[in-house]
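*Asks:* What follows is a predicted structure for the sequence shown.
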Amino acid sequence: MRLTGRRVVLGVSGGIASYKACFVARRLTEAGATVDVVLTSSAAEFVRPVTFEGLTGRPVLTSLWDRDRALAHISLARDSDLVIVAPATANLIARAAQGMADDLLTAILLARRGPVLFAPAMNDKMFSHPQTQKNLQALRARGWIAVGPETGPLAEGWSDEPGRMSEPEKIAAHAERLLRSPHSRLNGKKVVVTAGPTREPLDPVRVITNRSSGRMGYALARAAFARGAEVTLISGPTLLPSPPGIEPVRVESTEEMAKAVAAALKKAAVLVMAAAPADFKPARTAKVKRPRSEGPVSLELEPTPDILEKTRPLRRRCITVGFALETGPNLDRAKKKLEEKGLDLIVVNRADEPGSGAEVETNRVTVIGKKGRQTLPLLAKEEVAEKIWDAVEELL
C-alpha cells in the first residue's frame, strides 16, 4: 500500500467488531497515512483510546467537548482525504441517515463533503430489517461507499446471512482504491492478469506443473485494484487467498487458461501474462493411476497452446505485458520474444538467482519495452508490481 501524505479519519462506533478497527488503523498507518481516530462513547467501552493512540501515534478524539477542539468536527471533515467508519453499527447508520449530529463522529459525517467509506457490522436480522435497508439506501444516495457486510460467524454464532464486518485487509484495500484511483490512468480501465502455474494431468492423481506460487500475479492484481482498475484475475492452482475486492477465475490446465484469457479480453485495456503455464502436456492421459510396481514408464509430451499467440488477434487494441523466466542472462531472447509475440513490455526475471523467480516473496526483474529497458534491484513483489504498472501507465 502507498498512502504517504494522505490524511484519513477513522470513525469507530460501538460494537463487538470494534476491535477490528485497530487492525485497520495499523494497516493504514503502516502504509504512510496520517490517521485520526474518532471514537463514539460506546466504542470506547470496547476498545480504549490509548490503544489507537499507540497504533497511530496521534491523539484520539472522543467528544465534541474536548478542550481547544471546538471546531474539530469541521476541520476533520474538511481536511481529510477520506473518512472511514468501521464498524458502522445499525445505530450509527440510522443516526447518520437522519442527519443527526449529536456526537463528534456524526457531526463530522454531517459536515463531510468528500468520500466516505463505511463497513456495516451488526446482527444479521438487524441488517436485513427494512429500516436498516432504507437507511443504507439513503447513505448510498449521498455517495457513501459500503464495503460488506459478509456472512460467517457473528457474536451469537454462525450465520449464512450478511451482518459480519468485512476483514480489515478488505477495508484497507478499498480505502487505498478510493485514495489512489483518482490519480491513476488505470482508473476505470479493464485489466486482465494471469497468475500461478497450470497443471497437466498424467492420470487422475499425478500432474505436470512448475514451481510458480502465483505471488507476482496476485501482487499485480492487488496493485491494479488499488489504482482503480476493474480487475479480472485468471489464476492457476495456488494456495494464496483471493485479493480483496477480486474474485479470481480459477483454471487448471493451459488450455483452460487460454480460453479464460480469450473470454476476458473483450474491452480489456491491458493484459498482463504473469502466469507460468505449463509448456508441455502428456500426449495421452491415463484413466487410472499406474502402480509403481509396474516398473519404469516413458512419457510422450506435446506442446500446450501458446496463449499469447492464440489470443493475438483479440489484443490488437490492448497493451500486453509478457513475462520471461530465464535461467541465465538472456535479455536478447526476451527482446526477441517481445517483438515476435507483439508485446508492449516484457518482464524478465531469473529462476537461478537467489531471491528471484518462483516460490519467494521478492523479485529482481528487467522491464523491456520498445524504447528501452529498466533493471530493478531486488524488491518485494508488491513493489515490483507497482513499478510494472508505472511502466504500463506511461503507455496509456
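*Replies:* Happy to help now that I have it. What you are looking at is a predicted structure, and each value in this text was computed from that prediction instead of being measured.
*Asks:* For Ser298, report the pLDDT, please.
*Replies:* Ser298 carries a pLDDT value of 88.
*Asks:* Can you get me a residue count around it?
*Replies:* 4 (other Cβ atoms under 10 Å). (Glycine included, C-beta is placed from N, CA and C.)
*Asks:* hang on, it is in a helix, isn't it?
*Replies:* No. Counting by DSSP: H, G, I helix; E, B strand; the rest coil, Ser298 is not part of a helix but coil.
*Asks:* What are the phi and psi values at it?
*Replies:* Here is the backbone geometry of Ser298 (degrees, to the nearest 10): phi -110, psi 140.
*Asks:* tell me the domain boundaries of the protein?
*Replies:* Listed by automatic domain parsing, the domain ranges of the chain are 7-178, 184-393.
*Asks:* wait, which of these is closest to Met1?
*Replies:* Counting by Cβ to Cβ, Met1 lies closest to domain 7-178 out of those; the figure is 3.5 Å.
*Asks:* Just the terminal-to-terminal distance for that closest one.
*Replies:* End-to-end distance for domain 7-178, by Cα to Cα, to the nearest Å: 12 Å.
*Asks:* quick one: that domain to chain centroid distance?
*Replies:* Relative to its parent chain, domain 7-178 has a centroid offset of 21 Å by Cα atoms, centre = their mean, to the nearest Å.
*Asks:* Including distance to Met1, could the domains of the chain go into CSV?
*Replies:* CSV is the format used below for the domains of the chain (distance: least, Cβ to Cβ, whole Å):
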stretch, distance to Met1
domain 7-178, 4
domain 184-393, 7
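*Asks:* Worst mean pLDDT across the helices and strands of the chain, which element?
*Replies:* Ranked by mean pLDDT, DSSP states H and E, the weakest helix or strand in the chain is helix 331-340, scoring a mean of 86.
*Asks:* Next secondary structure element downstream of it?
*Replies:* strand 345-350 (DSSP states H and E).
*Asks:* show me where the protein has helices.
*Replies:* Assigned by DSSP state H, the chain shows helices spanning 20-30, 43-46, 49-56, 72-79, 90-97, 104-111, 124-128, 130-141, 168-180, 215-226, 254-264, 307-310, 331-340, 381-393.
*Asks:* Nearest to Asp160 among those helices would be which one?
*Replies:* Nearest of those to Asp160, taken as Cβ to Cβ: helix 124-128 at 8.3 Å.
*Asks:* for that closest one, which positions count as buried?
*Replies:* Within helix 124-128, the residues scored as buried using 16 or more other Cβ atoms under 10 Å are 124, 126-127.
*Asks:* do the same with stretch 48-62
*Replies:* Buried residues in stretch 48-62, defined by neighbour count with 16+ other Cβ under 10 Å: 49, 51-52, 55-56, 60-62.
*Asks:* Just flag the most distant two among the residues you listed.
*Replies:* Top of the distance list for the buried residues of stretch 48-62 (Cβ to Cβ): Leu55 and Thr62, 15.5 Å.
*Asks:* Leu314 touches Leu265, doesn't it?
*Replies:* Yes. Using Cβ atoms under 8 Å, Leu314 makes contact with Leu265 at a distance of 4.5 Å.
*Asks:* of those two, who's got more company?
*Replies:* Comparing Leu314 with Leu265 by other Cβ under 10 Å, the one with more neighbours is Leu265, at 19 against 16.
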